[in-house]
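Peer 1: Here is my input, please return the structure:
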Amino acid sequence: MTNNKNILALSLGGLLLAGSVQAQENKLYLFNWTEYMDPEIIAAFEERYDVEVVQNYFNSLPEMFAKLNAGGVSQYDIIVPSNYYVPRLIQTGLVQKLDTSKLDNLDNVMEQFQDPAYGPGAEYTAPYQWGTTGLVYNTETFPDAPKSWSLMFDPEVNPEHPFALMGDGQVSMGGACAYLGHGYDCTDMNAWKEAARLLIETKGRETFSGFTDGTPALQQLARGVTHVGLSYNGDYLFFKEEDPDTFATLDFMIPDEGAEMWVDSMLIPAEAPNPDMAHKFIDFILEAEVGAQLSNYNYYASPNAAATPYLDEVLTKPPVQPSEADMERLRFTPSLEGDALQTFQQLWSEVQSR
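Peer 2: Residues are numbered from 1 along each chain as shown. Reported below is the predicted structural model:
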């Protein structure tokens, strides 16, 4: 009798295990930024592979990183971090290498994203979308605005109109470094200290309105609360398409001294429950027409060269697709670690507290 019970328990356990495996095979867990995926793309993928896509969202990279460390590394199949977090994810063992034999569409990726500085050889990453961070300013206030960070940092160029800096320390510090001639992607200690002093001086001006990121910065500009701010090219275009009258007097520029180019990429966590389906999803996004559909939905540039013929016209020109001259001025935000990260955080804390 005992033996029969053991056999029955083993049989039931096997069935439950098989059911669990089958459930994993029929689901894909996607961990992405909010409002960053066309629902029709998800529906098409689910239909093609008879799979359910379960979407979870994050609003910041530290939040994503913390959730992966708290067990998410075995809960999600795909994550979509920004470039400067990729080295941190690799070094901490939270992601796995891609099996390129399962990615037939990898050749569709534009050349500049095939061997990126943030992940040499693209062994772990496949690009999702890319964009730029630039200055947005009021053209009525500044009809002859210089194509320069001086609009933000030089009180003689902008003596009396309110402006906002970005709360992302590396972006604001990068802008100050660029303005001072050290390059947006500077990591030199002396350059950082000089940039920090400039930011503290800039904060001290009566027209400084505070640190404001992305979308809120555009809302302030639209209301006339500020006349210069920092935001993302795709967000700017989205708002301009939604409210063309208000945004008729707001323009986006990439300063000649240099600015940020960022890339969000698809990675597979180290203990993903369904890595095979994750590869299918990455390859699906890399299809020419799907890649174009994604960009047409969210107004960001496609890293997919094969997608170009299918893009809406507005996505093939500035501000979404920068001019060749501006492309040469764009740099990735450096990935910091160890002593460099600690020093930067100390300097940025000083900037914020002064």
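
Peer 1: For the spatially closest residue to residue 326 that is not a sequence neighbour, grab the count of nearby residues.
Peer 2: Among residues not flanking residue 326 along the chain, residue 254 sits closest, at 4.5 Å (Cβ to Cβ, 6 or more residues apart in numbering). (Each C-beta comes from the backbone N, C-alpha and C, glycine too.) A total of 24 residues lie near residue 254 under the criterion other Cβ atoms under 10 Å.

Peer 1: for the one 4 residues further on, same thing?
Peer 2: The local packing count at residue 258 equals 24, with neighbours defined by other Cβ under 10 Å.

Peer 1: and the gap between it and residue 113?
Peer 2: 19 Å (Cβ to Cβ, to the nearest Å).

Peer 1: Residue 52 now?
Peer 2: Residue 52 is 30 Å from residue 113, where distance means Cβ to Cβ.

Peer 1: Settle it for me: which of the two has more neighbours?
Peer 2: residue 113 (19 against 12).

Peer 1: so that one sits right up against residue 129, yeah?
Peer 2: No. Using Cβ atoms under 8 Å, residue 113 makes no contact with residue 129, being 10.8 Å away.

Peer 1: Quickly list what's touching both of these two.
Peer 2: Shared contacts of residue 113 and residue 129 (Cβ atoms under 8 Å, 6 or more residues apart in numbering): 263, 303.

Peer 1: Which parts of this protein are helices?
Peer 2: With DSSP state H applied, the chain shows helices at 2-25, 39-49, 61-69, 86-91, 150-153, 169-179, 189-203, 214-223, 233-242, 244-247, 275-285, 288-298, 324-329, 338-353, listed in chain order.

Peer 1: Of these, which is nearest residue 306?
Peer 2: Smallest distance to residue 306 across these (Cβ to Cβ): 3.7 Å, for helix 288-298.

Peer 1: got a list of contacts for the closest one?
Peer 2: By Cβ under 8 Å, 6+ apart, helix 288-298 touches 35-38, 40-41, 44, 105, 108, 128-129, 234, 238, 284-285, 301-304, 306-312, 315, 320.

Peer 1: Filter those down to just the ones in strands.
Peer 2: With strands taken from DSSP state E, the overlap with the contacts of helix 288-298 comprises 128, 129.

Peer 1: Show me just the buried residues among the contacts of helix 288-298.
Peer 2: Among these, the ones that count as buried by 16 or more other Cβ atoms under 10 Å are 36-37, 41, 44, 105, 108, 128-129, 234, 238, 284-285, 301-304, 306-308, 310-311, 315, 320.

Peer 1: roughly how far apart are residue 108 and residue 305?
Peer 2: As judged by Cβ to Cβ, residue 108 and residue 305 stand 6 Å apart.

Peer 1: circling back to that earlier point, who are the contact partners of the residue nearest to residue 326?
Peer 2: Residue 254 touches 132, 134, 135, 147, 319, 322, 326, 329, 330, counting by Cβ under 8 Å, 6+ apart.

Peer 1: which non-adjacent residue is nearest the fourth one?
Peer 2: In other words, residue 147. Nearest to residue 147 is residue 256, by Cβ to Cβ, 6+ apart, at 5.0 Å.

Peer 1: One more: the last one?
Peer 2: Closest residue to residue 330 apart from its sequence neighbours, by Cβ to Cβ, 6+ apart: residue 261 at 3.6 Å.
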